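J.: no FASTA, just this:
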């Protein structure tokens, strides 16, 4: 997933694919799903405020 998201970012410049790349790297670096889950919860909360 990491390689795909990086390659897609380099080809398209899509910021969301870069954010996915960073998230996957962070998940692999600290080895815990809690850090990724808390970021997802924050993003969901921010999206809900926009509605």
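T.: Ah, there it is. Predicted model only: the values in this text are computed from it and were never measured.

J.: ok, residue 24 touching residue 3?
T.: No - with contact defined as Cβ atoms under 8 Å, residue 24 does not reach residue 3; the gap is 9.5 Å. Using the backbone N, CA and C atoms, a C-beta is placed for each residue, glycine as well.

J.: so between those two, which is more surrounded?
T.: Set residue 24 next to residue 3 and count neighbours by other Cβ atoms under 10 Å: residue 24 wins out with 17 against 9.

J.: please identify which helix or strand holds that one.
T.: Residue 24 is part of helix 15-30 when elements are defined by DSSP states H and E.

J.: buried sites along that helix?
T.: 17, 18, 20, 21, 23, 24, 27 (16 or more other Cβ atoms under 10 Å).

J.: once you drop chain neighbours, what's closest to residue 20?
T.: Nearest non-adjacent residue to residue 20, counting by Cβ to Cβ, 6 or more residues apart in numbering: residue 5, 4.4 Å away.

J.: what secondary structure does that neighbour sit in?
T.: Secondary structure, DSSP: H, G, I helix; E, B strand; the rest coil: residue 5 is helix.

J.: pull the contacting residues for it.
T.: Going by Cβ atoms under 8 Å, 6 or more residues apart in numbering, residue 5 touches 17, 18, 20, 21, 24.

J.: quick check, pLDDT for it.
T.: Here the pLDDT value assigned to residue 5 is 90.

J.: measure it to residue 27 for me?
T.: Going from residue 5 to residue 27 by Cβ to Cβ, to the nearest Å gives 12 Å.

J.: again, but for residue 14
T.: Taken as Cβ to Cβ, the span from residue 14 to residue 27 is 20 Å.
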